[in-house]
Structures are given as C-alpha cells and as structure tokens.
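Asks: Sequence below, structure please.
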Amino acid sequence: MPAPARTLFCLPYAGGGASAYGGLLRELAGLTVTPIQLPGRENRIAEPPAFTVGEIADEIEPATGGPYALYGHSMGARLAFEVVRELRRRDLPPPSRLYVGGAHPPHRKVPLAATADLPDEAFIDQLVRRSGALPELKHVPELRELLLPVLRADFAWIKSYRYEPEPPVDTPIVAFTGLDDGEVGAADMLGWARHTTAGFRLRTLAGGHLFVKDRPGDLAALIAADLAGVHPLPDLGEVHLWLGSGPLPYGEHGDAGLTVATCQAAGLVLTAATRAPTVGVALTHPAGPVDAARWLSAGEREQVEGAAEEDRRWLELRAVTAKRALAAAAGPGADPTAAGFPDLADPAPWRASEGRLSGWWVVHLPVPTARGEAPAAVAVPDDRVRLRFDTLPDRAG
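Replies: From the prediction side, this is the model:
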C-alpha cells in the first residue's frame, strides 16, 4: 500500500486563485496544502490568463519523489486529471489520490461552458446564478474589470477541452459534490469512476457548487478520513452505498443499529446502509428484460411511448429501477404502480406522488460496469439525504 500523501496540490475553479484554498490550508494541519496559482490572478495578476497542462505538471514534477495527492475543483478537476495523465506520460510516480470536486467527468460536456459566448451581462448572470460566482460582479465595475478577463479565458479553456481516450489512471479517485449544487450532482460525479482502475469513492457534503471555499471544514474532514483509511458509520441523514461483495468495512464498529438493504444485478452487488428505519435500493442489468407492465402506471407507459425511440429503453430502465427501490423500502404488499412519477426524463431526484410511500424520494445513480452504466436507485425519506458511494476492496484492487 502506498504511503499516505504528505502534500496536497490544489487546482482552482474557473476564475479562482490560490486563496480559494485558504480554508483547507487552515483545516488540514497535518498535510502540506499547496495551491497552484495560475497566471492572471492574485499575485500573478500582471500575466496573461493563459496556462497549459504541461506547465502545471512542471510545477508538480519535483514533488513526485514523495507521496502526494491532487485536488481540483470544477475546472481544476479536469486540469488535475490531465496533469495525472501527463505525469504518467513522463513515467513519473502517480499521486496517491486524485480528489475532484463539483466537476463533470472529462468524457462529458460541461453545460455551463455554453455561456462562454454570451455577452458580458448574460455571462456574469449565468455564473452568479448557476455556479456561485460573486454577486458583486454584477454591480462593482472594478471587480468585473479584474475578474472578467480571467473568467473569459478559463471558460474558453473549458469549452475547447476535448477528452482524448487513454487507459484509466492507476490512482484512486475520490469525488465530492455539494448537496445544493444544481450544476453537478451525485449521478454526474459517478461518471469519474470509469477513469480509474484503483478504486472510486463519492462523498456528498452540505453546500453549493463552491463548497471548497464555503465549507472547507467539512471537505477537510472527508479528505483527512480518506487519507487515514477511516470508514465511519453513516450519520443521521446519510446513506452509504457499497458496490461489490464482502462485509461492510466498518471494522470494529460492525453494523449495529444500521438498516442494511442489498440487491444484485449485472454480476454486481449493491448495498445501502443507513441509520433510518427503512431504505430501498435497486440495481438493474442494462441489457436485461424490463417488465414495464408490472412496474409502470398507465401514465408512465404513455410517457415512454411518447418519447423518441432511442430514449424509450433508458426511460423504462430508470423508471422500473426507481419503482423497485420504492417497493424494497415499502416491503411486501406495496403496489409499485401506485407511486406515480410525473416526469421520467427529469435528472433530479423523483418524488413519489401517490401510494404508501407518497412523499419519498428516489435518487438515481448510474453505476459503472464493464458493460456500461447500470441504472441504480435509492429510495430515501427526503431529498436532503447525503450519499456516500464506495467500491469495496475486492473491486478496487
């Protein structure tokens, strides 16, 4: 097992500078937190706001002789991922962890990148509303003059980014998402799992898109626990999901007082553990049969039939998986068709509108498998639940 990281290099979100990591500097006292300052910001304000992956790798290369880790937030996550691949091309030791926060996986488009071509007012409005940018950008000319060139350059990089397929990295990836992040949710962050052969974890914490700046204590606690190999029992309002067979790795804590639910499909085992009195979990084989007549209401079947032909199978899989999760939570005697979902294409958590579990929510999770993504769903009593997702050691290697 590699030695725990002693240095954590941090790469910023679009428009951000090294000061965004001031909170982690204070909270991670046992780790050397080293923010990478990109050109055009803060103490490098006089430089043109342009950068390359190679230049960032040059800064990190001298530290690769000892244990180190990378954290990238939003744009910085893609930068950090590309830096790991660049260091691999140079035959240098990889980081012990790649931490990514609030970022779509590299093979996916970034919806917010479409704002790069908007006029200044509309561009700033989108950033403030959707990504937590400073509201003062709208009203303080001096701040706008200072930050707008950097934001424009960063979003131009995001828009022009093209993922080039390569083998997955041999570094564990740990992904973080804010509970109130409307741009990048838990389901989006699961896409990072396909880019590593060394194990994947997902953590959800309170906060919006810029939780790295707004909730540094919470983020630092999760990073410290991960580096220490600690698997705490779930808190109230939290569900742990484990992909893979074998006992839950809570060690001496066992699983006393927990509600545990398990399902199997596609050669996988998915387990949920929570302190709540009930939870439902379901996993569907992506190529298996779908019994829509049993699980879906007439209105839901109409939604499927009215969708484009190429979308029908996906809608059925998601809907049936959601119903199976609700039925698992409700127990014997539940009528799965009674819990109606008004919009099967909605990517957000679904609220059951009728039936015994009216008011319960279903969170969708596209679980990565060797045959592509398998739809999974977790039924929880409210939409504020925090999720943890881990691959068990026998799958993480």
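
Asks: Only C-alpha atoms from now on, for both contacts and neighbour counts.
Replies: OK.

Asks: ok, now which ones touch residue 228?
Replies: residue 4 (CA atoms under 8 Å, 6 or more residues apart in numbering).

Asks: Could you measure from it over to residue 191?
Replies: 25 Å (CA to CA, to the nearest Å).

Asks: The closest residue to residue 136 other than its chain neighbours: neighbour count?
Replies: Excluding the flanking residues, the one nearest residue 136 by CA to CA, 6 or more residues apart in numbering is residue 143, at 7.4 Å. Residue crowding around residue 143 was assessed by other CA atoms under 10 Å; the count is 13.

Asks: contact partners of the helix or strand hosting residue 143?
Replies: Counting by DSSP states H and E, the element that carries residue 143 is helix 141-160. Applying CA under 8 Å, 6+ apart, the external contacts of helix 141-160 come out as 14-15, 40-41, 49-50, 75, 110, 113-114, 116, 136-138.

Asks: Show me what the very next helix or strand once past that helix is packed up against.
Replies: Heading C-terminal from helix 141-160, the first helix or strand you meet, by DSSP H and E, is strand 173-178. On a contact count with 3 or more CA pairs under 8 Å, 6 or more residues apart in numbering; DSSP states H and E, strand 173-178 meets strand 97-101, helix 186-189, strand 200-205.

Asks: For the nearest residue to residue 53 once chain neighbours are set aside, give its distance to residue 183.
Replies: Distances taken as CA to CA, 6+ apart put residue 83 closest to residue 53, at 5.9 Å, once the chain neighbours are dropped. Going from residue 83 to residue 183 by CA to CA gives 24 Å.

Asks: The two - which one has more neighbours?
Replies: For residue 83 versus residue 183, the count of surrounding residues by other CA under 10 Å is larger for residue 83: 23 against 18.

Asks: so that one is in which element?
Replies: helix 75-89.

Asks: average pLDDT for that helix?
Replies: For helix 75-89, mean pLDDT is 98.

Asks: any idea of the pLDDT on the residue nearest the centre of the chain?
Replies: When CA atoms, centre = their mean is applied to the chain, the residue found nearest the centroid is residue 189 (2.4 Å). For residue 189, the model assigns a pLDDT of 94.

Asks: so who does it touch?
Replies: 102, 103, 104, 105, 175, 176, 177, 202.

Asks: go again using 10 Å as the cut-off
Replies: Listed by CA atoms under 10 Å, 6 or more residues apart in numbering, the contact set of residue 189 reads 100-105, 174-177, 201-204, 365-366.

Asks: again with residue 101
Replies: Residue 101 sits next to 13, 71-78, 174-178, 184, 189, 202-204, 209-212, 219 when contact means CA under 10 Å, 6+ apart.

Asks: Comparing the helices and strands packed on strand 173-178 by mean pLDDT, which bottoms out?
Replies: helix 186-189 (a mean of 91).

Asks: Using PDB, write out every CA atom in it.
Replies: This file holds the C-alpha atoms of helix 186-189, laid out as PDB (Å, rounded to 0.1, in the frame of the first residue of the first chain):
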ATOM      1  CA  ALA A 186     -24.100  12.800  -7.400                       C
ATOM      2  CA  ALA A 187     -25.200  11.000 -10.500                       C
ATOM      3  CA  ASP A 188     -22.900  13.200 -12.600                       C
ATOM      4  CA  MET A 189     -19.900  12.700 -10.300                       C
END
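
Asks: one step back: from residue 121, how far out is the residue nearest to the centre of the chain?
Replies: Residue 189 is 30 Å from residue 121, by CA to CA.

Asks: Over to residue 284?
Replies: Distance from residue 284 to residue 121, by CA to CA: 45 Å.

Asks: Between the two, which is the more surrounded one?
Replies: A count of neighbours by other CA under 10 Å puts residue 284 above the other of residue 284 and residue 121, at 25 against 10.

Asks: Low-confidence regions, the chain specifically.
Replies: 1-3, 251-256, 333-334, 336, 354-355, 371, 392-397 (pLDDT under 70).

Asks: Fine by me, we can end here.
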